[in-house]
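K.L.:
sharing a sequence plus its predicted fold:
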Amino acid sequence: MKYACYIVVVLALMLSSCQNRITIAGTVERNIDSITITKVLNDNSDAILDVVSVSHGKYSWTGTIDTTCIIRVYYGLGERDFARVIGEPGKIELNIPKLGGEQNHPKGTPLNDSITDYYIAVARMMERADMFYERVEKATSARERDSLEQIHNYLWKGVEQCKANYLNRHTDDLLGIYLLFDFQFYWHPELIEDAIKKMKKNFPDNFWVNLIGERVEGQMKGLPGQKYTNLTLTTPMGNQMSLSDIVPHNRYTLIYFWASWCNPCNSEIPYIKDVYNKYHDRGFDVVGISIDTQIESWRKSIVGNAIPWYNMSDLKGWSGQAAKTYGIVGIPRTFLIGQDGIIIEKDLRDNTLMKKMDELYTEKEEVASQET
């Protein structure tokens, strides 16, 4: 009887081991001797599972897992020389591309097949938007270009909506965690706000959930219709300054996130200057908030660009409170705020800023003339 029970236990353990067995294998199109397999922990660090040899342009690893997890497959020395798979039972195919080649996506198990489906769907939407942009570049008038750009922006938001749809369907499994890597630079937080809230409940300790969650929370504060969030930072002369010292005293205030090392930011300065010179005496002002970390570089850029408006920074780069408060993950970024503290518009760049200010001041004049 005891022997029979022992056999049952052994068989059960063997069955469990088989059910949790993972194989990751594929071809390798680069000159490397080995590949490192790691399990990604909640804090985004790696726990090494194994180092496997590459032989005749192929590799293979087999192991067991307790629960489904995300696995990194390292195939080089660079920080980005890895691919990710969802570690679920089954045989997963992941081919390693040649140096500089396009990243391959895993397949072979349900969640990994969904990864491939996701990237195919997103790529189709992006191709459609990119093809249409060729028409934008060929526009023969400003009016035609504005009209085509509106359509292009609509198509690009469709790309963002496609990404959001996938995330919203996977808030309770690891595909959602996997996809968050793709949402580091995402411009429509309203599309994923509910998904992030659900994921915070389901994965409260996960690095990516908390990182993207913090950014989405900040980006939601910067949407048109929201009241601006005050910031108190340091001026180039070392004094403390708050947005609340400036916003209530102007008809309109443009908050401009930038950095001295950012070429697109420096290219934007002449456009902002044109608006500043035209409307400053009529209640328009600008506050430049720098993502710099070096005070001398910041000061030198202000002088070199002959910037006439207010400037402030915490000199902590992307990890500073300024960037975190508004969910800034890319620059330049702008937020146009009314005297009542309500955000009117965001991301006005190039000629769109002047166009918007012309509209606003024309409306003000029309209302004033009607009242008199």
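P.N.:
Happy to help now that I have it.
K.L.:
so Lys163 sits against Met126, correct?
P.N.:
No: using Cβ atoms under 8 Å, Lys163 makes no contact with Met126, being 10.2 Å away. No exception for glycine: its C-beta is placed from N, CA and C like everyone else's.
K.L.:
neighbour count winner among those two?
P.N.:
When Lys163 and Met126 are compared for neighbours, Lys163 comes out ahead with 21 against 15, by other Cβ atoms under 10 Å.
K.L.:
mind listing what the more buried one touches?
P.N.:
118, 122, 179, 182-183, 186 (Cβ atoms under 8 Å, 6 or more residues apart in numbering).
K.L.:
write the ChimeraX selection for whichever of the residues you listed are buried.
P.N.:
A single ChimeraX command selects the buried members of the contacts of Lys163 (16 or more other Cβ atoms under 10 Å):
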select :118,122,179,183,186
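K.L.:
which of the contacts of Lys163 fall in helices?
P.N.:
Mapping the contacts of Lys163 onto helices (DSSP state H) picks out 118, 122, 179.
K.L.:
the nearest residue to the first one once chain neighbours are set aside: which element?
P.N.:
In space, not counting the residues next to it along the chain, Tyr118 is nearest to Tyr166; the distance is 5.0 Å by Cβ to Cβ, 6 or more residues apart in numbering. With elements delineated by DSSP states H and E, Tyr166 resides in helix 142-169, which encompasses its position.
K.L.:
before we move on, back to that, the residue nearest to Tyr118: neighbour count?
P.N.:
Every residue meeting other Cβ under 10 Å relative to Tyr166 is counted, giving 20.
K.L.:
quick check, it in contact with Leu179.
P.N.:
Yes: Tyr166 lies in contact with Leu179 (Cβ under 8 Å); the separation is 6.1 Å.
K.L.:
ranges for the helices of this structure?
P.N.:
Per DSSP H, the chain carries helices over the ranges 2-19, 110-137, 142-169, 174-180, 193-202, 207-221, 263-279, 295-304, 321-325, 351-371.
K.L.:
point out the most buried one among those helices.
P.N.:
helix 174-180 (a mean of 22; mean count of other Cβ atoms under 10 Å).
K.L.:
please name the residues that touch the most centrally placed residue in the chain.
P.N.:
Geometric centre of the chain, nearest residue: Phe185, 1.6 Å, by Cα atoms, centre = their mean. Residues in contact with Phe185, defined by Cβ under 8 Å, 6+ apart, are 329-330.
K.L.:
Arg128 touches Leu155, doesn't it?
P.N.:
Yes: counting by Cβ under 8 Å, Arg128 touches Leu155, with 6.1 Å between them.
K.L.:
got the CA coordinates for stretch 254-264 in CSV?
P.N.:
Extracted in CSV, the C-alpha atoms of stretch 254-264 (Å, rounded to 0.1, in the frame of the first residue of the first chain):
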residue,chain,number,x,y,z
LEU,A,254,2.6,78.8,-22.0
ILE,A,255,4.5,76.1,-20.0
TYR,A,256,7.4,74.9,-22.2
PHE,A,257,9.3,71.7,-21.2
TRP,A,258,12.7,71.7,-22.9
ALA,A,259,16.4,71.1,-22.4
SER,A,260,19.6,72.7,-23.6
TRP,A,261,20.8,69.5,-25.3
CYS,A,262,17.4,69.0,-27.2
ASN,A,263,17.8,70.1,-30.8
PRO,A,264,14.0,70.0,-31.5
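K.L.:
the contacts of Lys163 into JSON lines, with extra columns for pLDDT?
P.N.:
What follows is the contacts of Lys163, written out as JSON lines (pLDDT from 0 to 100):
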{"residue": "Tyr118", "pLDDT": "94"}
{"residue": "Val122", "pLDDT": "93"}
{"residue": "Leu179", "pLDDT": "94"}
{"residue": "Asp182", "pLDDT": "87"}
{"residue": "Phe183", "pLDDT": "89"}
{"residue": "Tyr186", "pLDDT": "84"}
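K.L.:
of all the contacts of Lys163, which comes closest to Leu348?
P.N.:
Distance to Leu348, by Cβ to Cβ, is smallest for Tyr186 among the contacts of Lys163, at 19.5 Å.
K.L.:
phi and psi next, for the closest one.
P.N.:
When read as degrees, to the nearest 10, the backbone of Tyr186 gives phi -120, psi 130.
K.L.:
Thr27 versus that one, what's the distance?
P.N.:
Distance from Tyr186 to Thr27, counting by Cβ to Cβ, to the nearest Å: 32 Å.
K.L.:
and what of Glu144?
P.N.:
Using Cβ to Cβ, we find Glu144 at a distance of 48 Å from Thr27.
K.L.:
just to check, Ile192 is in contact with Ala164?
P.N.:
Yes: in this structure, Ile192 is within contact of Ala164 by Cβ under 8 Å, at 5.0 Å.
K.L.:
pLDDT weak spots in the chain?
P.N.:
1-19, 78-79, 364-372 (pLDDT under 70).
K.L.:
got the domain ranges for it?
P.N.:
19-104, 111-221, 232-371 (automatic domain parsing).
K.L.:
how far does the first one sit from its chain's centre?
P.N.:
Domain 19-104 sits 25 Å away from the centroid of its parent chain (Cα atoms, centre = their mean, to the nearest Å).
K.L.:
so which of the ones in helices among the contacts of Lys163 is the closest to Ser319?
P.N.:
Leu179 (23.8 Å).
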